[in-house]
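> after the sequence you'll find the predicted model.
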Amino acid sequence: MILTVICGLSSVLFLAGGLFGILPAAFSIFCGIYLWTAESRQWFAIKNGKMEAPVVVRPDPFSVPVAPPAPVVPVAQTAIVKAPRPQPVLASGLIALIMSALVAFVSGGNALFYIAAKSEYIRILSDNPFMKDTVRQIGTTPTELARAMFIGCSIAVVLSLFAVAAAGATLARSRIGRILLIVLTFITVPVSVAAFPLGLVWTAGAIATLVLLRRPESRAWFDKS
């Protein structure tokens, strides 16, 4: 769990470094994702004594194979057995959780900075050479740009929190959560493309989430819920 948090925070720091931080940020995100795959969780559970290690039985090469009788499973027992969560669903949920949490963290910090120190926020925008060019190109003032960024960050926080909730519901096998997460991925793609080049990481994450949720095994898992 500590390593997962470190992966999330390090990806934010890498992305803050600009274009050259995109690749290490992507590695950090996927490291965090693979820490929570079914194989990883099973290994940690065995190491922590929460489950027994599977016993591997080596077959006798000289024995004559005999077809085992078909097991008789009571109807009541089959109703209790739950289908395991498919790997694509787990991966899509973790991608959405991590990347949405990053957006909420960065955008929330930006919005809080504007609320707490508005004049300092505007001064930083005015002194930044890149932001000066942006202000000149769009024909606005630093104050108006700061207000627009605050509104945009506030909207991003709300949408990202919805995405976090939808990802959690998706992992919990909620059809509504899956539908909401798919809708939010369609919203994320054009918005992240507009934020080129930094937003390309979120574009790739949104597309990967959409593809994984549309896999046959993923749809079948939700259809049986």
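Sure, I can see it. Numbering: from 1, shown residues only.
> mind listing the helices for this structure?
2-16, 22-34, 38-47, 75-80, 87-116, 118-127, 129-138, 142-171, 175-194, 200-213, 216-223 (DSSP state H).
> weakest of those helices by average pLDDT?
When the helices of the chain are compared by mean pLDDT, helix 75-80 comes last with a mean of 46.
> Gly93 and Ser10, how far apart?
Distance of Gly93 to Ser10, given as CB to CB, to the nearest Å: 21 Å. The C-beta positions use only the backbone N, C-alpha and C, and glycine is treated the same way.
> between the two, which one's more packed in?
Comparing Gly93 with Ser10 by other CB atoms under 10 Å, the one with more neighbours is Gly93, at 26 against 18.
> doesn't Ala167 make contact with that one?
Yes: contact criterion CB atoms under 8 Å: Gly93 and Ala167 qualify, at 4.8 Å.
> returning to what we had before: turn the helices of the chain into TSV, including distance to Pro54.
Below are the helices of the chain laid out as TSV (distance: least, CB to CB, whole Å):
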stretch	distance to Pro54
helix 2-16	25
helix 22-34	21
helix 38-47	9
helix 75-80	21
helix 87-116	18
helix 118-127	56
helix 129-138	56
helix 142-171	24
helix 175-194	31
helix 200-213	27
helix 216-223	22
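> right, and the ones you listed - which one's nearest Ala53?
Closest approach to Ala53 among those (CB to CB): helix 38-47, 5.0 Å.
> now tell me what touches that closest one from outside.
With contacts defined as CB atoms under 8 Å, 6 or more residues apart in numbering, helix 38-47 is touched by 34, 51-53, 84-85, 87, 90.
> one more time with 6 Å, if that's ok
Applying CB atoms under 6 Å, 6 or more residues apart in numbering, the contact partners of helix 38-47 are 51, 53.
> next, the angle helix 22-34 makes with it.
Note on geometry: by axes from the mean of the first three to the mean of the last three CA atoms, to 10 degrees, helix 38-47 and helix 22-34 are set 50 degrees apart in direction.
> buried residues in stretch 151-162?
By neighbour count on 16 or more other CB atoms under 10 Å, the buried set for stretch 151-162 is 153-154, 156-157, 159-160, 162.
> same list (those residues) but as CSV, adding distance to Ile182.
Shown next, in CSV, are the buried residues of stretch 151-162 (distance: CB to CB, whole Å):
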residue, distance to Ile182
Cys153, 24
Ser154, 24
Ala156, 19
Val157, 21
Leu159, 14
Ser160, 16
Phe162, 13
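> what about Leu210, how many neighbours?
Neighbours around Leu210, by other CB under 10 Å: 17.
> give the contact list for the closest residue to it other than its chain neighbours.
Setting aside the residues directly before and after it, Leu210 is nearest to Thr185 in space (CB to CB, 6 or more residues apart in numbering), at 4.6 Å. For Thr185, the contacting residues are 206, 209-210, by CB under 6 Å, 6+ apart.
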